[in-house]
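Asker: after the sequence you'll find the predicted model.
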Amino acid sequence: MTLYERIARPVLFRLGGGDAETAHERTLRALQRLDRPLAARRRPLSPPGAARTVFGVHFPNPVGLAAGMDKDGRALAAWPALGFGFVEVGTVTRHAQPGNERPRLFRLPADEALVNRMGFNNAGAAELATRLAERLSRVGRLPVPLGISLGKSKITPLDDAVADYAESMRLLRPYGDYFAVNVSSPNTPGLRSLQDAGRLRELLAALRGDAPVLVKIAPDLTDGALGELIDVCLAGGVAGLIATNTTVERPGVRTDQAGGLSGRPLFARALEVVRFVTKQSGLPVIGVGGITRPDDAARLLDAGASLVQLYTGFIYHGPALVRACVNVARGTR
């Protein structure tokens, strides 16, 4: 058991009377206070054999921070210092929004899982663009690639979703090394309908540009629906896929909380989807979902993923998991 698991995690899990979101917010504030001193640390974790270039972007190592941990890019310097080879901020929306009513984030420790129904709470694309511009002028770009996850504002009707995403992209295009199109969160009403062929085709056409665009997909799609989505992505010129988002299913988990499930119970399905979409599309894939052990990262990479991301596993196991995953990834390609 690591120092984080023995000491830090029990303290964090007790913060705010055990409220998961309170612990998350306090941790993020602490890391934000370290942003300036950590920004001087420019050398990312990149042991021999770890670096790789994917969709034209150089990654010092293939283990990234998934979207959702640092939605508004408040603690950017902390993540490379903790070993991550890339960072994905967001999901950000065109309009600032508070998200769904609290409580909306729940731990399932026995399952090493989380259920969230956050609802894309964030300060908005304009605020993130301002923060990234200020940071760029002050300390320069991050020493690792920065991904930006884009979502639809809750107040925006589905018929206006394309313009909503496009405005966020316009504001943030100068700052992202790649952009993730999130059309698969279960917590914004109607969002997953944007995975339908016609809507997705129109959306990808509007976001096409110089920066790599990836589509984040739901684990709950059938193989037939995944195949149709892949066809649209290939025709739309996407640079890659992110597999997967959280699931509305409850594989082996007993909870009455609504929302998206992440963590260990999701891993088996994430592995299936990574294997399927890699084989069917030939596109680079970022594998995410249920990585709680280094071997999980290795299995996703062996299944065809070019990169992997951590979120829930990082909450349960801390920075040691990042470095362990980097080490096992060195032997996979």
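Answerer: Alright, I've got the coordinates.
Asker: C-alpha only now, for contacts and for neighbours.
Answerer: OK.
Asker: tell me the secondary structure at Gly17.
Answerer: Classification of Gly17 using DSSP: H, G, I helix; E, B strand; the rest coil returns helix.
Asker: relative to Ile315, how far out is it?
Answerer: Distance of Gly17 to Ile315, given as Cα to Cα, to the nearest Å: 17 Å.
Asker: residue ranges with poor pLDDT in the stretch 51-200 of the chain?
Answerer: Flagging of the stretch 51-200 of the chain using pLDDT under 70 yields the residue ranges 187.
Asker: how near is Ala298 to Gly83?
Answerer: Counting by Cα to Cα, the gap from Ala298 to Gly83 is 17 Å.
Asker: got it, and Leu172?
Answerer: Distance from Leu172 to Gly83, by Cα to Cα: 25 Å.
Asker: with neighbour numbers in mind, choose between the two.
Answerer: The residue with more neighbours, out of Leu172 and Gly83, is Gly83; 24 against 21, by other Cα atoms under 10 Å.
Asker: show me the contacts for that one.
Answerer: By Cα atoms under 8 Å, 6 or more residues apart in numbering, the contact list for Gly83 reads Pro44, Leu45, Pro319, Val322, Arg323.
Asker: state the mean pLDDT of stretch 276-289.
Answerer: Mean per-residue pLDDT for stretch 276-289: 97.
Asker: list the buried residues for that stretch?
Answerer: Phe276, Val277, Thr278, Ser281, Leu283, Pro284, Val285, Ile286, Gly287, Val288, Gly289 (16 or more other Cα atoms under 10 Å).
Asker: now the fifth one: how far from Phe55?
Answerer: So the one you mean is Leu283. For Leu283, the distance to Phe55 equals 9 Å [Cα to Cα].
Asker: what residues do these two have in common as contacts?
Answerer: When Cα under 8 Å, 6+ apart defines a contact, the residues bordering Leu283 and Phe55 alike are Ala239, Gly240.
Asker: okay but Leu150 is in contact with Thr91, surely?
Answerer: Yes: counting by Cα atoms under 8 Å, Thr91 is a contact partner of Leu150 at 5.3 Å.
Asker: which residues do these two both contact?
Answerer: Asn182.
Asker: tell me the pLDDT at Arg43?
Answerer: 86.
Asker: who touches it in this structure?
Answerer: Pro143.
Asker: how close does it sit to Pro143?
Answerer: From Arg43 to Pro143 the distance is 7 Å (Cα to Cα).
Asker: at which residues are the helices of this protein located?
Answerer: Secondary structure of the chain (DSSP state H): helices at 3, 9-14, 20-33, 35-39, 78-81, 125-139, 161-172, 197-207, 223-235, 267-281, 294-302, 312-317, 319-329.
Asker: could I get those helices as a markdown table with distance to Ala96?
Answerer: Below are these laid out as a markdown table (distance: least, Cα to Cα, whole Å):
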| stretch | distance to Ala96 |
| --- | --- |
| helix 3 | 37 |
| helix 9-14 | 28 |
| helix 20-33 | 18 |
| helix 35-39 | 23 |
| helix 78-81 | 24 |
| helix 125-139 | 7 |
| helix 161-172 | 11 |
| helix 197-207 | 20 |
| helix 223-235 | 28 |
| helix 267-281 | 30 |
| helix 294-302 | 34 |
| helix 312-317 | 25 |
| helix 319-329 | 30 |
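Asker: out of those, flag the one nearest Phe106.
Answerer: Among the helices of the chain, the nearest to Phe106 by Cα to Cα is helix 20-33 (6.0 Å).
Asker: out of the contacts of Gly83, which comes closest to Gly304?
Answerer: For these, the nearest to Gly304 is Val322 (19.5 Å; Cα to Cα).
Asker: burial of Leu28, as a residue count?
Answerer: Leu28 has 18 neighbouring residues, counting by other Cα under 10 Å.
Asker: that should have said Phe86, apologies.
Answerer: Phe86 has 27 nearby residues by other Cα under 10 Å.
Asker: can you tell me how far it sits from Ala180?
Answerer: To Ala180, Phe86 is 13 Å away according to Cα to Cα.
Asker: now list whatever residues contact both of these two.
Answerer: Gly147.
Asker: follow-up on the earlier one: which one of Gly17 and Ile315 has more residues nearby?
Answerer: For Gly17 versus Ile315, neighbours defined as other Cα under 10 Å are more numerous around Ile315 (23 against 10).
Asker: pLDDT score for that one?
Answerer: Looking at Ile315, its pLDDT reads 97.
Asker: ok now do it, which residues does it touch?
Answerer: Contacts of Ile315 by Cα under 8 Å, 6+ apart: none found.
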